[in-house]
Structure formats: C-alpha cells, structure tokens
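Undergrad: Pasted the sequence and its predicted model underneath.
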Amino acid sequence: MKIKIFTLSIIFFFYSSTLFSQKSHCRKLHIDAPIGDTIGMIDKSPYDQNTRANLVFYKRNINHLGCNENEYQAVVNDDFKNGFDTTIWQKEYPYSTPFNKVHSSLNDKYINTDNNVNIENGILKLHVAKDNPSYSYMDENGISQTKNHPYSLGMIHSKNPLAGGAWKIEASGCYKFGKFSARIKFPKSDDINSALWFYGAGNEIDAYEIFHGTGGRIRSSIHQWNVTTDNNNTHAEYGLDANLGNLSEKFNIWEIEWTPYKITWSLNGKVFRVFYKYYKMTTRNLKHNKKSVCFIGLDCFEIPIGNNSIYELSGWNSFSTRPIDLILGMGITGTPKNNEVIEIDWMKIEQKPNLQLIADDDFPCLNQAFKVNAFHTDQIVSWEVSNNLDIIDIHENELTVVANQDSSIGWIEASVYGNNIDLPEGNWTTIGYTFNNEFSESALPFHNFSYNCTDAIMKVRKEIIVGKPILPILDNDIKPCFTYGGFEISIKNDVQYNPDSEFQWSSFSDASLVENYQSLWVIPDTSLENNYFEYELTISNKCGFSVYEEEIFVPDCENNSNLPTLVLYPNPVNNILFFGLQKTNYEVIEPSSSPFFIVQVGTGRIMGQGELGETSHQINVTNWGEGIYEIAYQINGEKKSTTFSVIH
C-alpha cells in the first residue's frame, strides 16, 4: 500500500537526530584547519568526561569482502538441568594462586569459593557468605602467606583448556566474536554489586555492572589496557551509566553481540548501547569560520564492497584479534546481610561459522558433475549431501558431486569441530604489543574470523538448485473492485532461480498484461467469464523450461455504479488521521480527478491539500487546535465532503 505522509520531513529529522546522537562523535575546527589521518575528540560524549575515554580516529584503507551471511549456531546452551558442567565452566579464575580466588586484588573483603556455587531445581545460584575464609599461598619470594577475608562469594568463569600454560594468544580467552546471552536475577541490595563481563589479555567488555540493586542504575563499559589515554595512562575506558528501571528480584535476559564491526548491548531484546569499530567522516561548514567534523559509526552492511578509506576508533584495538572469557560474579560494596543470591536460569553462547562453501555452479543440470570447496577452516571438513546429489570424489576440502534428479532443490553440508581458525602469531603472542603491531597487514585476514576453544560442531549448508526451473510459489494481491486498477502476481521463491532464468507470462483471459521479470501486473476485463482469470508462466534456464498454469478467482464488487466514498479513522482523532477512497467499481481513480482540501470549520483555514487517487493517506494533527475539520474533495467533478473532530 502506498502511503502519503505530510509530516515526513519532521519524522525524518527526529529519527536522524536520534541515530546521530547514538553513533557519532563530533568536534569543531577552524574552517581552514587541515584534517589529517589521525584526529582526536576533545568532547568525550557520550562517555564520562575523563581522560580514560580515548577518542582517537585513525584513517585505514581496507578491502571489504562482505559480511558473514552464516546463521548463528549454539556453541554453549546450558540450562543447568544436568548439573554443573565442568567442561564449560569453572568456579575460579584461571590464574595462579592466589589470584585464582581474587582476580587482581589481595585486599578485597572477599574471596571466591566453590561452596558458594550450587544448583537448585535447574537454577544456578551464586551466594554470599560471611564465613571469614582464609587461604595460604607461596608469594613470589617463596614465602608462605596466609590471607583472611570476612566474606566468600560465588562466581563462574568460562573454561579454557589452554589457560595456565605457556603464553599464547589462544590462552587469553575461549571466545572471539559471537552472541552471549543469559537469563539472570540479582538481589535488591546496595551491599553487593553484580557483573556479567568478559575479560582477556588487554580486553574487557562489561555487559552490566549493578552497583545499586535498590535503584535501576547499571554501568556498561569497554576497557582496553593497551590504549594510551590523554594523561599517558594505558587503561582506556568507555563507560556509560544508564537507568533501565527496577531490574532486581526478577529474571532479565542480558545479551552482548560482538561482531568484527560492533559490540551491541541488549536487555530483554531491546538494544541500549552500540560500540562501533569503523566510522565514516563527514564535515559541515558552520558560522564564525568554523567547521564541524563528525565520525559516524558503520555496521558491516554500510561499508561498500572493495577498497575503502575509513576511520577506526582507537578503543577497538585488540578486539579484532584477541579472544576473551565470560565471567559472572559479584563484589562487596557494603555490609551484606548474608542472604544475597544471584540466580541464573540459563546461559547461551552462539557464533557464526567462519566456514564458507563455494560451488563452481550453484545451478547444475541433471547428470552434470560440479565441485564445491570449503574455505576459512584449518580442518578437513566432513561432507554430507541431499538425496538428489551423488558424491563422486572427496579430496581434502574439495567435493565433487553429480545431480541425479531434475527440477529439484538439494543441499551440500560441511561440518567442523569449533571455529578454531589458527589465530595470528608474532606480535600477538606477547603482552605489551603496540597499536600499529596489532593492525599490521599480516593480521588483517584474522580480523573477521570467529574463534572458540570448544569442540562444538559447526555446520554450514549450501542450497543447490538442480536442472530445469522448479515450479514457482506464486502470490497475488487481488481485491474486490481492483482497488489499484488491477492486481499483481509475483513469485515468492525468486531466490531459487538462476539469475539467467527467463520468465514469460501469457493470459487465456481478456486482460492487459504488464510483465516485469518475476512479476506480472494484470488489468483484467470487467466481464471475466465465470469470475476467473487464467494465465500461464513459462520459466526457462540453461537446462530447459517448465510451464505453470493457474486460475485465479476474481471477487465481484458489491456495488457496480456508485462513486467511491471517503473513509477516515479514527474519529475523533488526537494524533494521526488516516484517510482514503473506498472504491465500489472497477473505474480507475486518477489523482488529478480527485483533489482534496482539509479546512478548519469556523475559520476557513486550509490545513492541508493534495490528490486522493488510489492511495492511502495520513496526516499528523498533534499540533492542531481542538474542533471540527472538513475534508472537501471531488471525484470526476462531483463535489463531496466529510467532517472529523480533533480532541487532545
């Protein structure tokens, strides 16, 4: 349906301003100031105005090869119904003693202990206990030390089988890129803080940190420990506070989606924050010899295919190359009452497979052999095919098959264990890399690859269309009286046809046809025999042709002589009024023969005007005064009118 919107400019301005404030960073310069390949922001908005939010944009030349079109697949899907899975989780940090219990500080009020993690009725629970725990360890000088703490807490950490050994990039975390979600309930308490976060060598993502359970304030953050800040600190932070309402004492679904292009935070399916890697630069001249320079965040699909000059935010840094681990736990902020519990219903980790299948012919003919190759994996894949394909030969990651059934849809599937592309070596095996090392050309192929340390099976399936064209799945938008002067027939399964396919439409009924490749516009005669329209579609490709015939029932008009009437709703109205002509016969209503005016009764003030035609209309009356309004219109020279009320 066509919609004519009088308030389009206002709506567009509001929507654009909202997006602009979410994904852009701007600064003012003198109109003659040169813009180099590196430019920093003075205003740290929307982040805290501190020196840790380093907003520097570096010009990059990239060869964009497109986005990963594979669907997300579950790598971990744990509902805790079968107990605590020690192949996925552990109850302490993967560090040497004593930091396996305290993460980074020996002076906190608590340590993490296993006995504060338990499962009840399929719910994983993390407890607080005031049990004065102590532990002993050998310090760096070989001297035995004992530490005492007032509290013990529960926490879980994703398990990385490579952690704790010799340093290598894979030991820094178990996952790179993916969708991480959990259904969590935390207590209404200001004495503990709860956090769902991700940590690796130099990287941290905080899905949330709850500092005040009695309120609704959360903090989401990005941390980089190898980005130099304005005061020469090496810990950059991009933190945002948000009040998302009362989140305590009920389950909520938190989600982080981390792609090669952005990190997205969601709560119960609604996005509340986005952090971009790539940006485009725009400039605009201002008054007083100034210009505005803005950097607008780009998602993958917004980057043109091929070579591009774009800008990269310094804060992204090693998120392109370093995996991280998932952590859920808490800390002490006051005096806990010893009954605080964090409850986890389920946790899920999903990734898009890196694996890509490329066939030398996606539309083979019957009995034609063709090859399919698997790319972006360091494994020999396992192959499986549908019944209309026969495997002829397998040579490592190259499969040769032949089609055995004409006019059919088949598939080829490849599977591997995990997304374990080898991660880049060299500068990425040492903590303390430099910014430029992280982005050397040799590492660029790895920037868009996902990684996980699990043995989860990752599958990619490619559809193969065999032989002569398959029969189409057709749809039509026919309505009584042919509201738009006719109706359209279109092919719904259009992606299942070779781009070189040809479509020929013909009619056995009295009608005018307008062909448009995979669709047909029909203007039938008003006296169709038996109220049926009969047509034929011939589809041909390199393998042959297929013919499809169909009859479509054409419903009668209820009245075959009256002029159209104007329908409007709601009435009375306080914001958006919808209106348009309701047809009662087959006559086409030209816009030029159906002008309208909207007039305020009593003042005669014209509030809007246009042409009705056969489209629907809407107009925003939010700023109109209350009272009676009239829509005066003409149909083929005959004047008509109807009224409506505006009430606020």
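TA: Looks like it arrived, so ask away.
Undergrad: which residues of the protein score low on pLDDT?
TA: 1-22, 49-51, 165-167, 211-214, 420-446, 480-485, 526-530, 556-562, 584-587 (pLDDT under 70).
Undergrad: Kindly state the domain boundaries assigned to it.
TA: Domain assignment for the chain, taken from automatic domain parsing, gives 22-66+278-317, 73-275+320-351, 356-431+450-466, 474-553, 565-646.
Undergrad: Where does residue 520 sit, in terms of helix or strand?
TA: Residue 520 belongs to strand 519-524 when elements are defined using DSSP states H and E.
Undergrad: Okay, now the sheet partners of the helix or strand that that strand is followed by, with direction.
TA: Sequence-wise, the next helix or strand downstream of strand 519-524 (DSSP H and E) is strand 532-541. When sheet partners are counted by DSSP bridges, strand 532-541 sits next to strand 502-507 (antiparallel), strand 544-553 (antiparallel).
Undergrad: Which positions in strand 532-541 come out as buried?
TA: 533-535, 537, 539-541 (16 or more other CB atoms under 10 Å). Any C-beta I mention is one placed from the backbone N, CA and C, and that applies to glycine too.
Undergrad: Throw these into CSV and include distance to residue 265, thanks.
TA: Supplementary listing: the buried residues of strand 532-541 in CSV, determined by distance: CB to CB, whole Å:
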residue, distance to residue 265
533, 52
534, 55
535, 51
537, 48
539, 47
540, 50
541, 46
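Undergrad: For stretch 244-256, list every residue counted as buried.
TA: 247-248, 251-252, 254-256.
Undergrad: Please name the nearest non-neighbouring residue to residue 282.
TA: Once flanking residues are discounted, residue 282 sits nearest to residue 294: 5.0 Å by CB to CB, 6 or more residues apart in numbering.
Undergrad: got the buried residues for the strand holding residue 520?
TA: Neighbour count says strand 519-524 has 519-522, 524 buried, by 16+ other CB under 10 Å.
Undergrad: repeat for stretch 286-305
TA: Result for stretch 286-305 [16+ other CB under 10 Å]: buried residues 291, 293-300, 303.
Undergrad: Over to stretch 594-613?
TA: For stretch 594-613, using 16+ other CB under 10 Å, the buried residues are 594, 596, 598-600, 607-608, 610-613.
Undergrad: go on, stretch 621-631?
TA: Under 16+ other CB under 10 Å, the buried positions of stretch 621-631 are 621, 624, 629-631.
Undergrad: Would you map the helices across the stretch 401-550 of the chain?
TA: 435-438 (DSSP state H, counting those that start in this stretch).
Undergrad: Strands of that one, residue ranges please.
TA: Ranges of strands in the stretch 401-550 of the chain, per DSSP state E, counting those that start in this stretch, are 408-417, 451-452, 457-466, 474-476, 487-491, 502-507, 511-516, 519-524, 532-541, 544-553.
Undergrad: what's the closest of those strands to residue 45?
TA: strand 451-452 (33.5 Å; CB to CB).
Undergrad: Counting by contacts, list what that closest one packs against.
TA: Applying 3 or more CB pairs under 8 Å, 6 or more residues apart in numbering; DSSP states H and E, we find strand 451-452 packed against strand 175-176.
Undergrad: got a list of contacts for the very next helix or strand once past the strand it packs on?
TA: Downstream of strand 175-176, the next assigned helix or strand under DSSP H and E is strand 178-185. Strand 178-185 has contacts (CB atoms under 8 Å, 6 or more residues apart in numbering) with 72, 75, 194, 196, 198, 207, 248-258, 326, 328, 342-352, 450, 452.
Undergrad: how far off strand 178-185 does the helix or strand following strand 178-185 point, in degrees?
TA: Using DSSP H and E, the helix or strand that follows strand 178-185 in sequence is strand 192-200. With axes from the mean of the first three to the mean of the last three CA atoms, to 10 degrees applied, the angle from strand 192-200 to strand 178-185 works out at 170 degrees.
Undergrad: how far does strand 192-200 sit from the chain's center?
TA: Remark: strand 192-200 is offset 23 Å from the chain centroid, using CA atoms, centre = their mean, to the nearest Å.
Undergrad: Now do that strand: which elements does it pack against?
TA: So strand 192-200, by 3+ CB pairs under 8 Å, 6+ apart, packs with strand 178-185, strand 203-210, strand 252-258, strand 324-332.
Undergrad: okay if I get these as a markdown table plus distance to residue 369?
TA: Converted to a markdown table, the helices and strands packed on strand 192-200 look like this (distance: least, CB to CB, whole Å):
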| stretch | distance to residue 369 |
| --- | --- |
| strand 178-185 | 37 |
| strand 203-210 | 47 |
| strand 252-258 | 41 |
| strand 324-332 | 45 |
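Undergrad: Am I right that residue 115 sits in a helix?
TA: Yes - assessed with DSSP: H, G, I helix; E, B strand; the rest coil, residue 115 lies in a helix.
Undergrad: how many neighbours does it have?
TA: Per other CB atoms under 10 Å, the neighbour tally for residue 115 reads 12.
Undergrad: And residue 477, by the same measure?
TA: Neighbour number of residue 477 under other CB under 10 Å is 12.
Undergrad: Residue 552 versus that one, what's the distance?
TA: Look at residue 477 and residue 552: by CB to CB, to the nearest Å, they are 11 Å apart.
Undergrad: re earlier: tell me how far the strand holding residue 520 lies from the chain's centre.
TA: 37 Å.
Undergrad: Can you list the helices and strands that that strand packs against?
TA: Using 3+ CB pairs under 8 Å, 6+ apart, the elements in contact with strand 519-524 are strand 487-491, strand 511-516, strand 532-541.
Undergrad: Now do the longest one against strand 487-491, angle only.
TA: What that stands for is strand 532-541. Using the same axes, to 10 degrees: strand 532-541 against strand 487-491 is 30 degrees.
Undergrad: sorry, back to before: hmm, which of the contacts of strand 178-185 are the buried ones?
TA: Buried among the contacts of strand 178-185 (16+ other CB under 10 Å): 75, 194, 196, 198, 207, 248, 251-252, 254-258, 326, 328, 342-344, 346-352, 450, 452.
Undergrad: how far away is the residue lying closest to residue 451 once chain neighbours are set aside from residue 603?
TA: Closest residue in space to residue 451, ignoring its immediate chain neighbours: residue 176 at 4.0 Å, by CB to CB, 6+ apart. Using CB to CB, we find residue 176 at a distance of 66 Å from residue 603.
Undergrad: and stretch 145-153, which residues are buried?
TA: Under the neighbour-count criterion of 16+ other CB under 10 Å, stretch 145-153 has 147, 149, 151-153 buried.
Undergrad: Look up phi and psi at residue 593.
TA: Per-residue torsions, residue 593: phi -100, psi 10 (degrees, to the nearest 10).
Undergrad: biggest separation within the buried residues of stretch 594-613, which pair?
TA: So, the buried residues of stretch 594-613 by CB to CB: farthest apart are 600 and 613, at 24.0 Å.
Undergrad: show me what contacts residue 272?
TA: 220, 242, 244, 265-266.
Undergrad: hang on, I meant residue 28
TA: By CB under 8 Å, 6+ apart, the contact set of residue 28 is 286, 290-293.
Undergrad: cutoff 7 Å now
TA: Going by CB atoms under 7 Å, 6 or more residues apart in numbering, residue 28 touches 286, 290, 292.
Undergrad: From residue 294, how far out is the first one?
TA: According to CB to CB, residue 286 stands 12 Å off from residue 294.
Undergrad: buried stuff in stretch 86-97?
TA: 88-94.
Undergrad: if I look at residue 107, how far off is residue 404?
TA: On the measure of CB to CB, residue 107 and residue 404 end up 71 Å apart.
Undergrad: what about the two, which has more around it?
TA: Using other CB under 10 Å as the criterion, residue 107 and residue 404 rank with residue 404 on top: 15 against 7.
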